[in-house]
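Enquirer: sequence first, predicted model second:
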Amino acid sequence: MEENVAKQEIKVYGYRWVVLLVYMLASMAMQIFWICYAPITGLAAERYGVTDQQIGLLAMLFMYVYIPFAIPASWMIDTWGFKKSVALGAVMMGVFGLVRGILTQDYTMAVIATIGISVAQPLFLNSGTKLAANWFPLHERATVIGIGAVAPLLGIVIGQMATPGLVEAFGFETTMLIYGIVGAISALLFVVFAKDHPPTPAGYEERVLMLEGLKHILKQKEFYMLAFIVFIVNAIFNGVSTWVEPIVRPKGMDFSQAGTIGGLLMIGGIIGLFVFPPISDRLRKRKPVFLAGLIGSIPFLIAMTLVNNFGLMAVASGILGFFIMGIIPVAMQYGTEKLYPAPEGTSAGLITLAGQISVVVISIMGWMYAQLGNFTLSLLILAGLMVVSAILLTLMKESEMVQQAK
């Protein structure tokens, strides 16, 4: 049956790009909400009268909240469909984003509104592969997931690089209100213009029900290997993003430089998204492209940990982002293909859940910072675990599905 699907003539529709665009705009706003406090950690802590760790919590809440909501979000995506489930998330993001933008007087309200936004996030994180499967043929999907991943990174770039300047120009409260308005507008655009699926399938639609897919996934040894790798990749990316200002502060750098370093991590990642996924689709191979990114990231994580010069650290951050973020869409598509016939929402949800559990590592990084006054040891440990991840990937098999795609 799969062979027949792979060989049948697939019709694609131009409207798929409209759906992808409005999805990307809403995803971008979500990531602005996640990271916008990170480059102004010290300033925000002073503004609210709390510690650096409590400001870091506003980012970590997105990962903590994801853990209990990952499976329900996947069920909604696979049962309700792409449009209804993500539209619910968009509305929640828009409402709570405005609340956080309007009620900026105290830390407690920031936490409550952040929890509301965080509950919506799994519906975005778990739905990228579903959008690709509904609207795009198999040989375009890693590329499309990569294009879709540009928007969240742009959101992080805006949150990291624009926030310090906006705060200096307009003040803390106005900056948060601007972000709230952006979130509400992007949510409205998604609700109005997104559609669930095209008139005809884009191929490989024969998937089992979620419960059967879940049982199938949990029996696969390679799922646990992939989950560990994604866990480490996300621990590095989210750890550096969340703690960027305290990471550079002991090196004598200010929050504007922290925003630049954090932003370059994302810009490098955006470039990587236009390099790794298309190569993977063109070669019809996932594993070697994935492995190249893992190995390439290791020396630049070490460099970013040990150097004290702003210019060298900025370069290392950009190249680290290129490798570590460029391969994430390849990893996600690799997982959905390896775990076939589990539904896309279920497989993507479990893989993403493995990544979000990395919040435990990020919390430990914060604790170690409080004890040691720097992040050197924690980042070096993560570099070692990335070596372990590369070794595990060499033991996994290539995706057969992508090699059969026509």
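Expert: Cool, got the structure. Numbering: from 1, shown residues only.

Enquirer: so residue 322 versus residue 48, what's the distance?
Expert: Going from residue 322 to residue 48 by Cβ to Cβ, to the nearest Å gives 35 Å. C-beta here means a position set from N, CA and C on the backbone, and glycine is covered the same way.

Enquirer: so between the two, which is more surrounded?
Expert: Using other Cβ atoms under 10 Å as the criterion, residue 322 and residue 48 rank with residue 322 on top: 25 against 20.

Enquirer: quick check: buried residues in the helix or strand where the more buried one lies?
Expert: With elements taken from DSSP states H and E, the one containing residue 322 is helix 310-326. Using 16 or more other Cβ atoms under 10 Å as the test for burial, helix 310-326 gives 310, 313-326.

Enquirer: please apply the same query to stretch 270-278.
Expert: By 16+ other Cβ under 10 Å, the buried positions in stretch 270-278 come out as 270-273, 275-278.

Enquirer: how deep is the residue nearest to residue 92 when sequence neighbours are not counted tucked in, by neighbour count?
Expert: Distances taken as Cβ to Cβ, 6 or more residues apart in numbering place residue 120 nearest to residue 92, at 3.8 Å, with adjacent residues excluded. Neighbour count of residue 120, defined by other Cβ under 10 Å: 27.

Enquirer: tell me the mean pLDDT over the helix or strand residue 120 falls within?
Expert: Secondary structure from DSSP H and E places residue 120 in helix 107-125. Mean pLDDT, helix 107-125: 92.

Enquirer: tell me which residues in it are buried?
Expert: Here helix 107-125 shows 107, 110-111, 113-114, 116-125 as buried, counting by 16+ other Cβ under 10 Å.

Enquirer: what residues does the helix or strand hosting residue 347 touch?
Expert: Assigned by DSSP H and E, residue 347 belongs to helix 344-356. Outside helix 344-356, the residues within contact range by Cβ atoms under 8 Å, 6 or more residues apart in numbering are 63, 66-67, 70-71, 73-78, 122, 125-130, 132-133, 207, 210, 213-214, 217, 223, 226-228, 230-231, 233-234, 238, 331-332, 335-336, 339-340.

Enquirer: next helix or strand past that helix?
Expert: Once helix 344-356 ends, the next helix or strand along the chain (criterion: DSSP H and E) is helix 359-372.

Enquirer: buried stuff in that next one?
Expert: Neighbour counts using 16+ other Cβ under 10 Å place 359, 361-363, 365-366, 368-369 of helix 359-372 among the buried residues.

Enquirer: from those, which is closest to residue 283?
Expert: Of all the buried residues of helix 359-372, residue 361 has the smallest distance to residue 283: 32.0 Å, by Cβ to Cβ.

Enquirer: quick check: the closest one touching residue 235?
Expert: Yes - taking Cβ atoms under 8 Å as the definition, residue 361 is a contact partner of residue 235 at 4.1 Å.

Enquirer: identify the contacts common to these two.
Expert: Counting by Cβ under 8 Å, 6+ apart, the common neighbours of residue 361 and residue 235 are residue 382.

Enquirer: what comes up buried for stretch 80-99?
Expert: Buried residues in stretch 80-99, counting neighbours by 16+ other Cβ under 10 Å, are found at 80-83, 85-99.

Enquirer: returning to that earlier point: now for the helix or strand just after the helix holding residue 120, which elements pack on it?
Expert: The first helix or strand that comes after helix 107-125 along the chain, using DSSP H and E, is helix 128-135. Packed against helix 128-135 by the contact rule (3 or more Cβ pairs under 8 Å, 6 or more residues apart in numbering; DSSP states H and E) you find helix 16-35, helix 82-102, helix 141-157, helix 328-338, helix 344-356.

Enquirer: of all these, which one comes closest to residue 58?
Expert: Comparison of those against residue 58 by Cβ to Cβ identifies helix 16-35 as nearest, at 8.7 Å.

Enquirer: average pLDDT for that closest one?
Expert: Over the span of helix 16-35, the pLDDT mean works out to 92.

Enquirer: next SSE downstream of that helix?
Expert: Counting by DSSP H and E, what follows helix 16-35 is helix 41-48.

Enquirer: only alpha carbons, please: show that next one as CSV.
Expert: C-alpha atoms of helix 41-48 as CSV (Å, rounded to 0.1, in the frame of the first residue of the first chain):
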residue,chain,number,x,y,z
THR,A,41,17.3,39.3,32.7
GLY,A,42,19.1,41.6,35.1
LEU,A,43,16.9,44.6,34.1
ALA,A,44,13.7,42.6,34.4
ALA,A,45,14.8,41.2,37.7
GLU,A,46,15.4,44.7,39.1
ARG,A,47,12.0,45.9,37.6
TYR,A,48,10.0,43.1,39.3
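
Enquirer: alright, that wraps it up for me.
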